[in-house]
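Chemist: Just to be clear, the model below is a prediction. Sequence and coordinates:
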Amino acid sequence: MSSESGDTIRLDGRLTVDEVPQVYRQHLDWKANGLPSEIDLSGLEAADSSAVALLLEWLSWARKADKAIKFSNPPEALLTIAGLSQVQHLLGWEDSE
């Protein structure tokens, strides 16, 4: 589901309501040990609103740790959901419309 390159993690496959709980559990260590500086979303084949919720959760972890995180290359579905939910600016995608 994910691959690492330096301080960038690339998510691959699906990130929907069926996969989000498992991905959340897989990365719980980020909460204590720190998050990557970038999460590349270009490998996602499908995503829904639960993916946006997960990204917002990771963003809150980063902010609590006083660390910046970038969510790069969001697929169109995530851009649409974030826009409709009016959270695209929180995810750093205000210029991606």
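Modeler: Received it, and whenever you're ready, just let me know what you need.

Chemist: Given the lengthiest strand in the chain, what are its sheet partners and their directions?
Modeler: Secondary structure of the chain read by DSSP state E shows that its longest strand is strand 38-47. Using DSSP bridges, the strands paired with strand 38-47 are strand 8-15 (parallel), strand 70-72 (parallel).

Chemist: most tightly surrounded among those strands?
Modeler: strand 8-15 (a mean of 18; mean count of other C-beta atoms under 10 Å). No exception for glycine: its C-beta is placed from N, CA and C like everyone else's.

Chemist: other SSEs contacting whatever helix or strand comes next after that one?
Modeler: With elements assigned by DSSP states H and E, the helix or strand that comes after strand 8-15 is helix 20-26. Here helix 20-26 touches helix 49-64, going by 3 or more C-beta pairs under 8 Å, 6 or more residues apart in numbering; DSSP states H and E.

Chemist: Now do the helix it packs on: distance to the chain's middle.
Modeler: 7 Å (C-alpha atoms, centre = their mean, to the nearest Å).

Chemist: How about stretch 55-68?
Modeler: 11 Å.

Chemist: Likewise for stretch 50-69?
Modeler: With C-alpha atoms, centre = their mean, you get 8 Å for stretch 50-69.

Chemist: can you check stretch 26-43 too?
Modeler: Using C-alpha atoms, centre = their mean, the offset of stretch 26-43 from its chain centre is 8 Å.

Chemist: Show me which positions of the longest strand of the chain end up buried.
Modeler: Neighbour-count burial for strand 38-47, counted by 16 or more other C-beta atoms under 10 Å, picks out 38-41, 44, 47.

Chemist: For Ala46, give me its contacts.
Modeler: Contact partners of Ala46, counting by C-beta atoms under 8 Å, 6 or more residues apart in numbering, are 14-16, 77.
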